[in-house]
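In: Need coordinates for the following:
(chains A and B)
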Amino acid sequence: MNSNTVIDLKNIYKRFYVGTPNELEILHGIDLTVSRGEFVSIVGASGSGKSTLMNIIGALDRPSLGSYTLNGTDICSAKDGELSHIRNREIGFVFQTYNLIPRNSALKNVELPMMYARMRSRSRKKRAAELLEMVGMKDRMKHTPDELSGGQKQRVAIARALANEPSIILADEPTGALDSSTGRMIMDLFHKLHREKGITIILITHSNELAEETERVLTLMDGRIISERRGSRYAEGQYSPCTQ
Amino acid sequence: MLKDNILLALNELKANKMRSLLTTLGIVIGIAAVIAIMILGNGMKRYTVDTMSSPESRRVYFFLIQKGQEDINDEQNYDDSVREMRNSDQYNVKTFEKLREKFSDRLEGIIMSYDLGTMKTGSNDINICGINPCGLKMKGTINIAAGRSITAEEYSSGKSVIMLPDKKAEMLYGSTENALGKTLECRKNNSFFNYTVVGVYHKEKESMMQDMLFGSTGEPAFVPYNNASQKPVGESCFTDFCALAKKDTDLNKLEKDLEKYINTEFYKDNDAYKADVLVLQEALDSVAMIISIMKLVLMAIAAISLVVGGIGVMNIMVVSITERTREIGTRKALGATNGNIRTQFLIEAVMICMLGCTVGVVTGLLLGKLMSSLMGISGSAEASSIVISVVFSMLFGVFFGYYPASKAAKMNPIDALRYE
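Out: Prediction:
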């Protein structure tokens, strides 16, 4: 394994209802390596196993079979507490539905992963403010989620995902609930983070158009990766006018 | 982390103000009731203890019962066929004289009191009561406001002198000073009585507890017993009477000694009747015990409402956790451990209970003080009990918050994230 490898999935199987007549195999032997600084997208129709794969990559679930090493840690043998720790330090989630904590300000939301990492109150406030500034939400730090638009919420969520400097950002349909222009802005933000900060991003989407902007496109079908190629408009994304 | 959790819990409580208020209400009522009952109970108990050192508690009762009967309340051994009581069976002046002589070291005197009832004086009504010095001591706390008290000589000779209550004196003569030396003309049916006013008294207000234990004595005008009694002193006889024991006398021993003395001296040869002596001590002891038991029972009932309140907290926590499933999923995705989630919701439950407890303690203190002042007793809560109720409500929070918090902690993050 290359020292630059962040994610190393080998022959991953995921079965549900094991041992019952309804036993269901969703993933049939997935192999996937992601290197540091890559911007990878996983596309596939619904039911192709995208979400299941994302849950495994995100350490929310363990594979039934196979091995998964995340930044040198074996996920398959990790206990629940260790998985929490890995999610906290190594993974930044961005959800389609933002999943900000209601009634908590943008600042509090961004502080949350740092709180679970037991960072001191003052330093995490400072860092949360910096992150919000980076995603262009400096003026709205004190606002609660219901006072923010969809695009603003997603930007807060991205700032939150970056809080503990994770190895990867795992974005599950991040533009799915946004209109195309706001979605565009969020995609540009990802490109900017990738380009300027060298952040590793895994984008899960059903939109081929968005996937084409990424460095590497993996197509998932019926629980198998059927193709892997370079995004046709990857270079374009790098120089998108909106990122300036 | 603890501070964060407390702030988080306060934030939640503030966000659902109405719900938080209603949830804490059960705890508030429970704690307030426990504290108020404790204050009242303590007040009543203290009053009873105080009463034990008052003259009323040194009262000794003398009754007549059939031979073979254990005491005055012994209905089982009451025999209808026993002959009727004659005057010669009853207590009389001779009994009193012997008692005064033999028990002068332990008895202060015989209590004599004879209510003449309501009389007319002009267009006003006046209650008149004949008493002796010991009898006056049973009439509450009496202070002379003007003039003097009835003298020993006037008591024994039965002179027509009268001591008026201050309110009556002011009503009849305008002021207390004005009443002194005046002649009060009274009429009852067709009899006329003339009394010379020698003094005016003021009586301390009786408490509600005094009323409960001894009954109100009111504020009559006092005349010497020997004047009020319709019969010549030597011929009076009594089926029962009271005496007043001296301070610091062993009342239970006095009771036995008196009974033994009277029965050997006067009733040895009586074929049907004998004396029965009672002291109030035992009655007061049992009153104190009844109050203690009552306090405990009422506190237990109040504690049940506390449990009901606790269940209310548990219920609302379960609802809240279901509502916040997605939030829990998100927190887990962001790295919260099961322990983090459990702590968060436990602290929220504890905060609800402590909030209720604080309001409850304040309400209970106010309520208890108000009620005890209405009853004329001074009740107080022990500081330890307040500490105990705070600790208890925290334990309640932990106890009733544990199940919902564990439920939240055990949620599968994948399902929680998808929850709609």
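In: Only C-alpha atoms from now on, for both contacts and neighbour counts.
Out: Fine.
In: show me what contacts the residue in the stretch 251-400 of chain B that chain A sits nearest to?
Out: Chain A sits closest to B:Gly335 of the stretch 251-400 of chain B, with a gap of 3.8 Å, by Cα to the nearest Cα. Residues in contact with B:Gly335 (Cα atoms under 8 Å, 6 or more residues apart in numbering or on different chains) are A:84-89, A:113, A:116-117.
In: and what of B:Gly401?
Out: Per Cα under 8 Å, 6+ apart, neighbours of B:Gly401: B:313-314, B:317, B:345-346, B:349-350.
In: what about chain A, any weak spots by pLDDT?
Out: A:1-2, A:235-244 (pLDDT under 70).
In: What residues does it have near chain B?
Out: Within reach of chain B by Cα under 8 Å from any Cα of the partner chain, chain A has these residues: A:55, A:60-61, A:80-81, A:84-89, A:92-93, A:99-103, A:112-113, A:115-118.
In: can you tell me which of those residues are in strands?
Out: A:92-93 (DSSP state E).
In: which among the residues of chain A next to chain B end up buried?
Out: A:55, A:60-61, A:84-89, A:92-93, A:99-101, A:103, A:112-113, A:115-117 (16 or more other Cα atoms under 10 Å in any protein chain shown).
In: Could you count how many residues lie near B:Cys129?
Out: 23 (other Cα atoms under 10 Å in any protein chain shown).
In: So what does it have for phi and psi?
Out: phi -130, psi 130 (degrees, to the nearest 10).
In: didn't it look like it was pressed against B:Val223?
Out: Yes. Counting by Cα atoms under 8 Å, B:Cys129 does reach B:Val223; the two are 6.2 Å apart.
In: tally of neighbours for the residue nearest to A:Leu193 when sequence neighbours are not counted?
Out: Distance criterion Cα to Cα, 6 or more residues apart in numbering or on different chains; nearest residue to A:Leu193, sequence neighbours excluded, is A:Ile199 at 6.1 Å. Neighbourhood size, A:Ile199 [other Cα under 10 Å]: 22.
In: packing partners for the top helix by length along chain B?
Out: If you go by DSSP state H, chain B has its longest helix at helix B:280-323. When contacts are defined as 3 or more Cα pairs under 8 Å, 6 or more residues apart in numbering or on different chains; DSSP states H and E, helix B:280-323 sits against helix B:17-52, strand B:59-66, helix B:338-375, helix B:383-409.
In: returning to that earlier point: could you pull up phi and psi at the residue nearest to A:Leu193?
Out: Per degrees, to the nearest 10, the backbone of A:Ile199 is at phi -80, psi 140.
In: who's in contact with it?
Out: A:36-38, A:167-169, A:193.
In: got a list of what B:Ser64 touches?
Out: Rather than Ser, residue B:64 is Leu. B:72, B:90, B:239-240, B:273-276.
In: Buried residues, the helix or strand B:Asn178 falls within. List them.
Out: Secondary structure from DSSP states H and E places B:Asn178 in helix B:176-179. Within helix B:176-179, the residues scored as buried using 16+ other Cα under 10 Å are B:176-177, B:179.
In: Beyond the longest helix seen in chain A, next helix or strand please.
Out: Ranked by residue count, the top helix of chain A under DSSP H comes out as helix A:180-197. Per DSSP H and E, helix A:180-197 leads on to strand A:200-205 as the next helix or strand towards the C-terminus.
In: Look up how far chain B lies from A:Phe213.
Out: No, residue A:213 isn't Phe; it's Glu. 27 Å (Cα to the nearest Cα, to the nearest Å).
In: so B:Asp125, which of the three states?
Out: Under DSSP: H, G, I helix; E, B strand; the rest coil, B:Asp125 falls in the strand class.
In: Within its local environment, how many residues does A:Ile226 see?
Out: Count around A:Ile226 with other Cα under 10 Å applied: 11.
In: for it, helix, strand, or coil?
Out: strand.
In: Contact partners for residue 126?
Out: I'll assume chain A. Counting by Cα under 8 Å, 6+ apart, A:Lys126 has no contacts.
In: wait, chain B
Out: B:118-120, B:220-221.
In: and if you look at A:Asp172?
Out: Contacts of A:Asp172 by Cα under 8 Å, 6+ apart are A:54, A:93-96, A:203-205.
In: Pull the most distant pair out of these.
Out: Pairwise distances across the contacts of A:Asp172 peak at 14.0 Å for A:Phe93 and A:Thr205 (criterion: Cα to Cα).
In: which ones are touching the residue nearest to A:Gly37 when sequence neighbours are not counted?
Out: Nearest residue to A:Gly37 in three dimensions, chain neighbours excluded: A:Thr200, at 4.3 Å (Cα to Cα, 6+ apart). Going by Cα under 8 Å, 6+ apart, A:Thr200 touches A:35-39, A:167-169, A:194.
In: Good, we can wrap up now.
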